[in-house]
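[1] the following comprises the amino acid sequence and a computationally predicted model.
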Amino acid sequence: MAAIQRSELEVLRVEGDSALRRLRVVYEVFVPTGDELEGEEVSEEIVVHGIGLADGLSTADSHPITIHHDAFTVTPGRASRVFEKLVHRRNLDVEQDWWRAGQGGETERIAEWIDHLVADIRIEQAGRLVDQVTTDVVSGSWGVLGQD
């Protein structure tokens, strides 16, 4: 049976641009030799979103940060899949930091909440679910007060 394995979400700095982050989702598709999916086209959906771990006073925004759709042909063995997207760091601020502007326009901290992100990965063939997984949680603070 075909299966998603070794899934991982990373949030990487972008050299030369402190406002951008690179989202990278990496996983493997394992298909045994002779599997019914061998040679078939499957659809891939990757949804990166925030989750709440009840560690802040506000509710985490779970609205998708990005949704990716693709299709590929299944081959026997292990196949690595990689999805990357540049996003503004404020889009990763799913637990909104609390701050205000000082009299000189400077940012004054009130509260900084840790953001928690996951990627849901789903593979289907002709509308039938093949496999789905959710990556481990990646935590950081990417908002206006964030230090990654």
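    Okay, I see it. Numbering: from 1, shown residues only.
[2] for the chain, which strand is longest?
    In the chain, taking DSSP state E as the definition, the longest strand is strand 17-31.
[3] I'd like to know which elements it is packed against.
    If contacts are counted by 3 or more Cβ pairs under 8 Å, 6 or more residues apart in numbering; DSSP states H and E, strand 17-31 sits against strand 3-14, strand 41-50, strand 77-88, strand 115-125. The way it works is simple: take the backbone N, C-alpha and C, and place the C-beta from them, glycine included.
[4] buried set for it?
    For strand 17-31, the neighbour count (16 or more other Cβ atoms under 10 Å) marks 21, 23, 25-27, 29-31 as buried.
[5] dump the residues you listed to a markdown table, plus pLDDT and distance to E8.
    Shown next, in a markdown table, are these (pLDDT from 0 to 100; distance: Cβ to Cβ, whole Å):
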| residue | pLDDT | distance to E8 |
| --- | --- | --- |
| R21 | 96 | 15 |
| L23 | 98 | 11 |
| V25 | 98 | 7 |
| V26 | 98 | 5 |
| Y27 | 98 | 7 |
| V29 | 97 | 14 |
| F30 | 96 | 15 |
| V31 | 95 | 20 |
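[6] of the residues you listed, closest to D115?
    Taking Cβ to Cβ as the measure, D115 lies nearest R21 of these, at 11.1 Å.
[7] who's in contact with that closest one?
    When contacts are counted by Cβ atoms under 8 Å, 6 or more residues apart in numbering, R21 touches 11-14, 86-89, 92, 142.
[8] mark which of the residues you listed are buried, thanks.
    Taking 16+ other Cβ under 10 Å as the criterion, what is buried in the contacts of R21 is 11, 87, 89, 92, 142.
[9] and the nearest residue to the first one once chain neighbours are set aside, how far from Q147?
    This means V11. In this structure, V11 finds its nearest non-sequential neighbour in R21, 5.2 Å apart by Cβ to Cβ, 6 or more residues apart in numbering. Using Cβ to Cβ, to the nearest Å, one gets 13 Å for the distance from R21 to Q147.
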